[in-house]
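the sequence and its predicted three-dimensional model are supplied below.
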Amino acid sequence: MEYRKLRVIISGGGTGGHIFPAVSIADKLRKLNPETEILFVGAEGRMEMEKVPAAGYRIVGLPIAGLQRKLSLSNLIHNLSLPFKLADSMRRASTIIEEFEPDVAIGVGGYASAPLLREAEKLRVPTLIQEQNSFAGLTNKMLAKRVDSICVAYEGMERFFPKEKIVLSGNPIRTGIHPYSEAERAEGLEFYGFTPGRRHLCVIGGSLGSGTLNQAMKGWIEAGCPGGDDVEVLWQCGRYYKKGVDEFMQGRSLPNIRYTDFIARMDLAYAMADVLVSRSGASSISEICAAGKTAIFVPSPNVAENHQTHNAMALVNRGAARMVRDDEAAQKLMAAAMELVHDPAEIGKIGKNAAAMALPDAAQTIADEIYRIAR
């Protein structure tokens, strides 16, 4: 295939789970043809307005906002303003498209993508959406009937989308994530100051952190780390919780535990870990599968359509992961982790099943589909 220069608009965001795949798609398109021009469109005041420029791309914000479902006076006022924000966003989206003249418009989920793709369809611009989760988001379900192509990360998505439009692509992931050799494992252990021959657990709370995972770790430490005499733990507590964890750890001598707010070398963390404990966002699951790692997922309950539970169960049902419910994590999570980390046969079986679900060439597959439909 000839990868000619394109003009591409990518819209959506709101969370890192939407932003990272969007940037990965942009990076792949630029790699295939460095002259390709890319414009991002996001929601004013949301995470993408900071993260996308940091990745080297231009972004324009729309005044669109999401529906607030909790009952309160402020949320009622907010919701009453939504029709006006939507109308304004549609007008601005139309102007952006007319001025930029894209060859294709891409939506990655999140409410910012709705007005942009609706206007692109009206102006006869080819459109593609990418759904990262195993349970489709509301925006993508609304857009599905009119777009030209739908790239998905899980099988069985014809429950939500027209079957003839679906392309099983997987989710784009960071470079450097792959099944690791023993040499890479040794490099990871050395990098994090861990001891070869012991068992190694990695608890990933995400960049902001997870209160549930942190509470489970604190409870385990307060109980004397039962079952963990030969276990070393890398604990990512997250930026939001770092101060509280600092205070908790003060005065405790725990040489087997390393904690940090952010893991810069996630590739080496994957390489050295026997077992991972993680939330089950789409990007995390895709990376864990690509690395062929064994994980216990604790789905966040604070997400739309409970999609993290659906993501986790897609693996659990195929023997490719284990799951502990958020409301049971304080009592059950670390006991489950200690049991699993000491079971090499089960670790090997789960990791092999996870690797079988990996789709490591997702960005290339999506890029090829973009070129197929581009005008």
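Ah, there it is. Numbers count the residues shown, from 1 in each chain.

what pLDDT is listed against the closest residue to residue 260 other than its chain neighbours?
The shortest distance from residue 260 to any non-neighbouring residue, by Cβ to Cβ, 6 or more residues apart in numbering, is to residue 236 (5.9 Å). All C-beta spots, glycine's among them, are computed from the backbone N, C-alpha and C. Per-residue confidence at residue 236 stands at 96 (pLDDT).

shouldn't residue 236 be in contact with residue 204?
Yes - Residue 236 is within contact range of residue 204, at 5.2 Å (criterion: Cβ atoms under 8 Å).

what do the two both touch?
Residues touching both residue 236 and residue 204 (Cβ atoms under 8 Å, 6 or more residues apart in numbering): residue 263.

just to revisit the earlier point, and the residue nearest to residue 260, how many neighbours does it have?
27 (other Cβ atoms under 10 Å).

and it, how far from residue 220?
Between residue 236 and residue 220 the distance is 15 Å, computed by Cβ to Cβ, to the nearest Å.

so which helix or strand takes in residue 284?
Assessed by DSSP states H and E, residue 284 sits inside helix 282-291.

my error: substitute residue 269 in the last question.
Per DSSP H and E: helix 266-272 holds residue 269.

so who does the closest residue to residue 213 other than its chain neighbours touch?
Computed as Cβ to Cβ, 6+ apart, the closest residue to residue 213 that is not its neighbour in sequence is residue 205, at 4.8 Å. Residue 205 makes contact with 213-214, 235-238, 241, 279, according to Cβ under 8 Å, 6+ apart.

test my guess that residue 277 contacts residue 200.
No - Residue 277 is beyond contact range of residue 200, at 11.9 Å (criterion: Cβ under 8 Å).

these two: which has the busier surroundings?
residue 277 (30 against 23).

now that one, nearest residue through space, not along the chain?
Leaving aside its chain neighbours, residue 277 sits nearest to residue 203 (4.6 Å; criterion: Cβ to Cβ, 6+ apart).

tally of neighbours for that neighbour?
Neighbours of residue 203 using other Cβ under 10 Å come to 27.

thinking again about what came up before, and the helix holding residue 284, what's buried?
Buried residues in helix 282-291, counting neighbours by 16 or more other Cβ atoms under 10 Å, are found at 282-291.

ditto for stretch 37-54
By neighbour count on 16+ other Cβ under 10 Å, the buried set for stretch 37-54 is 37-43, 46-49, 51-52.

tabulate those (TSV), appending distance to residue 250, secondary structure and pLDDT.
Listed next are the buried residues of stretch 37-54 as TSV, based on distance: Cβ to Cβ, whole Å; DSSP: H, G, I helix; E, B strand; the rest coil; pLDDT from 0 to 100:
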residue	distance to residue 250	secondary structure	pLDDT
37	52	strand	98
38	47	strand	98
39	48	strand	98
40	42	strand	96
41	45	strand	94
42	40	strand	90
43	40	strand	87
46	35	coil	76
47	32	coil	82
48	37	helix	86
49	36	helix	87
51	33	helix	87
52	38	helix	92
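
make JSON lines out of the residues you listed and add distance to residue 135.
Formatted as JSON lines, the buried residues of stretch 37-54 follow (distance: Cβ to Cβ, whole Å):
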{"residue": "37", "distance to residue 135": "34"}
{"residue": "38", "distance to residue 135": "29"}
{"residue": "39", "distance to residue 135": "29"}
{"residue": "40", "distance to residue 135": "25"}
{"residue": "41", "distance to residue 135": "25"}
{"residue": "42", "distance to residue 135": "23"}
{"residue": "43", "distance to residue 135": "22"}
{"residue": "46", "distance to residue 135": "22"}
{"residue": "47", "distance to residue 135": "22"}
{"residue": "48", "distance to residue 135": "22"}
{"residue": "49", "distance to residue 135": "27"}
{"residue": "51", "distance to residue 135": "24"}
{"residue": "52", "distance to residue 135": "26"}
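
ok, the residues you listed vs residue 248, which is closest?
residue 47 (27.7 Å; Cβ to Cβ).

so who does residue 7 touch?
Residues in contact with residue 7, defined by Cβ under 8 Å, 6+ apart, are 36-37, 39, 100-103.

same question but for residue 127, I mixed them up
104-107, 117, 120-121, 143, 146-149, 373.

hey, what's it bridged with?
Note on residue 127: beta-bridge partners by DSSP bridges are residue 105.

just residue 297 next, same as before
Bridge pairing for residue 297 - DSSP bridges - gives residue 278, residue 323.
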